[in-house]
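[1] Quick one: sequence and predicted model below, then my questions.
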Amino acid sequence: DAGVIQSPRHEVTEMGQEVTLRCKPISGHDYLFWYRQTMMRGLELLIYFNNNVPIDDSGMPEDRFSAKMPNASFSTLKIQPSEPRDSAVYFCASTRLKRGLAVEGQETQYFGPGTRLLVL
Amino acid sequence: SQKIEQNSEALNIQEGKTATLTCNYTNYSPAYLQWYRQDPGRGPVFLLLIRENEKEKRKERLKVTFDTTLKQSLFHITASQPADSATYLCALMDTGRRALTFGSGTRLQVQP
């Protein structure tokens, strides 16, 4: 398996521009997570999906951020308009959870390589 | 408010020694606690999971303890090697939520 795939790996844009980050989760995984990592705030959960449905978006900083998961193999995180304070590394992660007691490995998250975003 | 604290931002040890990293939490009822490793420019990679009813878990040179009374987990790397140098993150999965919350991480440097 190729693991979680994210694109682009690096993005440099100017303030006010729209930014779209993409993620392909591991095949068969039914949960997808978007995180943001900065030196100041660490790794923060933005939103997560279960079976393509957004479950918890309480971490999305403001209305400029939106996320979609049109199918089980693709998700986007969009920032419009972007601001310099959005500069961070954005990670996508996926996992597969089963009912009942979890066995080690089933609750773990598999992270992509991240997208390093710089907003000038 | 909920908080996860990893008490050392950075830890420097000599090769061969045991590294001990600490994770403390407040106002959580974790179903699980996990430890991840993150290398520069990469995403976190899962290492170990320990459940609320487990006291200790081992995997090769790694050992994790979980004390729900103290609200603390300790992560040990025995016989440390320079290749163990990385940032180590603890993460909680709260019983009320199907999502992980991460600590800020401890950067471990193992000197040869």
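    Nice, I can see it. Small disclaimer: the values here were computed from a predicted structure and weren't measured. Numbering: from 1, shown residues only, chains lettered A, B, ... in the order given.
[2] Low-confidence stretches in the chain?
    Using chain A here. Regions of chain A meeting the criterion pLDDT under 70 cover residues A:1, A:98-106.
[3] wrong chain, I was asking about chain B
    Counting by pLDDT under 70, chain B has low-confidence residues at B:95-98.
[4] Pull the number of nearby residues for residue 73.
    Since no chain was named, I'll use chain A. Other residues lying near residue A:73 total 16 when counted by other CB atoms under 10 Å in any protein chain shown. For the C-beta atoms, the positions are set from N, CA and C on the backbone; glycine is no exception.
[5] The intended chain is chain B.
    Burial of residue B:73 is recorded as 27 neighbouring residues (other CB under 10 Å).
[6] repeat for the one 3 residues further on
    By the criterion of other CB under 10 Å, residue B:76 has 16 neighbours.
[7] Could you measure from the residue nearest to the spatial centre of chain A over to chain B?
    In chain A, the residue lying closest to the centroid (CA atoms, centre = their mean) is residue A:34, at 2.3 Å. Taking CB to the nearest CB, to the nearest Å as the criterion, residue A:34 is separated from chain B by 11 Å.
[8] quick one: what helix or strand has that residue in it?
    strand A:31-38 (DSSP states H and E).
[9] State the next helix or strand along the chain beyond that strand.
    Beyond strand A:31-38 on the C-terminal side, the first helix or strand identified by DSSP H and E is strand A:42-50.
[10] Can you name every helix or strand that that next one contacts?
    Where contact means 3 or more CB pairs under 8 Å, 6 or more residues apart in numbering or on different chains; DSSP states H and E, strand A:42-50 is packed against strand A:31-38, strand A:53-56, strand A:65-71, strand A:74-79, strand B:100-102.
[11] again, only this time at 7 Å
    strand A:31-38, strand A:53-56, strand A:65-71, strand B:100-102 (3 or more CB pairs under 7 Å, 6 or more residues apart in numbering or on different chains; DSSP states H and E).
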